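>>> Kindly return the folded structure for what I paste below:
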Amino acid sequence: MADKYKISKVIIVGAGPSGLLLGILLAKQGIKVSLIEMSDKLDENPRAAHYAPSSVRELRRAGVLEEVTRDGLKPHGVCWRGPDREILAGIRGEVTNDPDAMVCLPLDKLDKILLRVFLEQESTEVLWKHKVVGIKQDEKEAQVQVETAEGEKWLGTDYVVGCDGANSQIRRSLFGDLAFPGETLQSQIIATNIYYDFPKFNYWDSQFIVHPTDWYMAAKITPGGLWRVTYGDEWGLSTEEYLKRQPERFEQILPGNPKPGDYKLVNISPYKLHQRCAESMRVGRFLLAADAAHLCNPLSSGGMGLTGGFADITTLYDCFLAMQEGLTDDSILDAYSDVRRKKWREIIDPSSRANFARIWDENAVEEKEAFFKMCRDMENDPEAQKRGAQVSNPATSDAEPRD
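Numbering: from 1, shown residues only. Next up, the predicted model:
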């Protein structure tokens with residue numbers, strides 16, 4: 001069994017955080033890794049910034065946590081505020097001496113760290129400006145057809161892992177362009193990174209403002225005072241219209257009703273919200289992970305999108321490692337698909353929907369009150385806070401029914 005299922009090379013499609021982290025872990029086991037990216041650089045759009053305890057453990061396993069912690073920050077609490085910004089509930093005093101405590105760092109900065117560490121490993125490469133346009137496989141090999149500046153070519157490997165995001169070409173090639181079961185929510189969010197004096201208004205490190213139309217999240221994401229502000233806007237406008245409306249929206253919703261000269265806008269990017277999961281995360285020698293496999297809205301307080309993506313790739317890494325060491329055959333990859341899809345279906349999808357509804361849905365009264373009561377009960381109980389940190393991140397893979 002050991003020789004038959006031993007892995008010598010893996011191709012990872014997509015140079016995002018999940019693909020880079022998987023590449024580091026595999027390369028440290030002596031597996032040759034080629035990372036294929038259609039762009040010529042890392043993504044710089046404002047995206048995730050909060051790394052939950054389960055993700056922190058995997059960053060440590062990859063050997064990058066010390067640098068992430070040095071450059072980032074550990075938030076001191078989260079709260080929910082009403083329309084007049086009064087605190088409805090909050091949890092202060094996160095246990096910062098916990099080695100697995102949440103860490104914040106903008107994802108583009110994390111990606112740079114991961115890329116450097118990935119390239120420091122032996123037998124690694126990044127193939128920039130390589131666009132996947134076709135796939136094929138047989139019993140011995142998986143192949144991807146790529147467009148490059150030198151023309152089209154086929155690249156062969158033991159396994160291909162699609163970490164190429166919501167518009168994954170690997171998923172489309174396996175199942176068809178329109179085969180991504182689920183729905184697009186009829187809501188629009190705008191993600192921004194800004195410098196603004198939120199502490200002047202007694203804002204905590206992280207807060208959700210609860211309002212049927214003017215809801216938003218404001219969270220400090222760097223020690224230097226960069227804040228992530230993610231807010232809602234009308235559904236169905238063009239990107240140009242959303243960008244044009246940004247100053248007006250900030251003046252409407254942010255404390256102090258700031259005008260453009262009162263803050264510094266660093267990044268802005270509109271996003272649609274999806275709740276979707278692929279019909280399988282394995283087809284032979286092709287596997288899917290992270291956003292290529294499943295999506296949830298990013299307004300979930302547990303950060304389930306990125307957390308779920310990291311849980312995918314580290315679970316997949318453990319499966320590959322078990323095969324490499326002769327402990328199992330490749331049927332474990334079917335178990336990977338079944339378990340991760342079950343996590344999405346039974347935990348991530350319903351929980352992320354509930355978290356999002358909590359900040360805008362006026363009909364979710366009972367759910368809100370129950371959640372806010374739980375937060376108030378936890379406020380002065382450090383042990384309950386530690387348990388809550390785990391419960392709020394159910395996307396991980398190490399226990400049932402919650403991790």
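>>> Residues in a beta bridge with V161, which ones?
The residues paired with V161 through beta bridges, assigned by DSSP bridges, are I12, L287.
>>> What distance do you get for it to G261?
For V161, the distance to G261 (CB to CB, to the nearest Å) stands at 46 Å. Placement of C-beta: from N, CA and C, glycine included.
>>> More neighbours: which of these two?
The residue with more neighbours, out of V161 and G261, is V161; 33 against 6, by other CB atoms under 10 Å.
>>> Quick check: that one touching I7?
No - if you go by CB atoms under 8 Å, V161 and I7 don't touch, sitting 11.3 Å apart.
>>> For L273, give the beta-bridge partners.
Here L273 shows beta-bridge partners L185, assigned using DSSP bridges.
>>> Could you report the neighbour count for it?
Around L273 sit 21 other residues, with neighbours defined as other CB under 10 Å.
>>> Hmm, A191 and it touching each other?
No - taking contact to mean CB under 8 Å, the distance of 11.3 Å between L273 and A191 leaves them out of contact.
>>> name the element F320 belongs to?
For F320, the element it lies in under DSSP states H and E is helix 304-324.
>>> continuing past that helix, what's the next helix or strand?
Going down the chain from helix 304-324, the next helix or strand is helix 332-343, by DSSP H and E.
>>> Three-state assignment for P199, please.
helix (DSSP: H, G, I helix; E, B strand; the rest coil).
>>> Distance of it relative to A218?
The span separating P199 from A218 equals 11 Å under the rule CB to CB.
>>> Between those two, which is the more surrounded one?
A direct count of neighbours by other CB under 10 Å for P199 and A218 places A218 higher, at 25 against 11.
>>> and the more buried one, what are its phi and psi?
With angles defined as degrees, to the nearest 10, A218 shows backbone torsions of phi -130, psi 120.
>>> Which residue is the nearest non-sequential neighbour of it?
Counting by CB to CB, 6 or more residues apart in numbering, the nearest residue to A218 once its immediate chain neighbours are dropped is V229, at 5.1 Å.
>>> Give me the neighbour count for H76.
H76 sits with 14 neighbouring residues when counted by other CB under 10 Å.
>>> go on, the one 4 residues further on?
One way to gauge burial is a neighbour count; for W80, by other CB under 10 Å, it gives 20.
>>> Name the helix or strand for it, please.
With elements delineated by DSSP H and E, W80 resides in strand 78-81, which encompasses its position.
>>> ok so, going back, measure how far the helix holding F320 is from the centre of its chain, please.
Between the mean C-alpha location of helix 304-324 and the chain-wide mean there is a distance of 13 Å, by CA atoms, centre = their mean, to the nearest Å.
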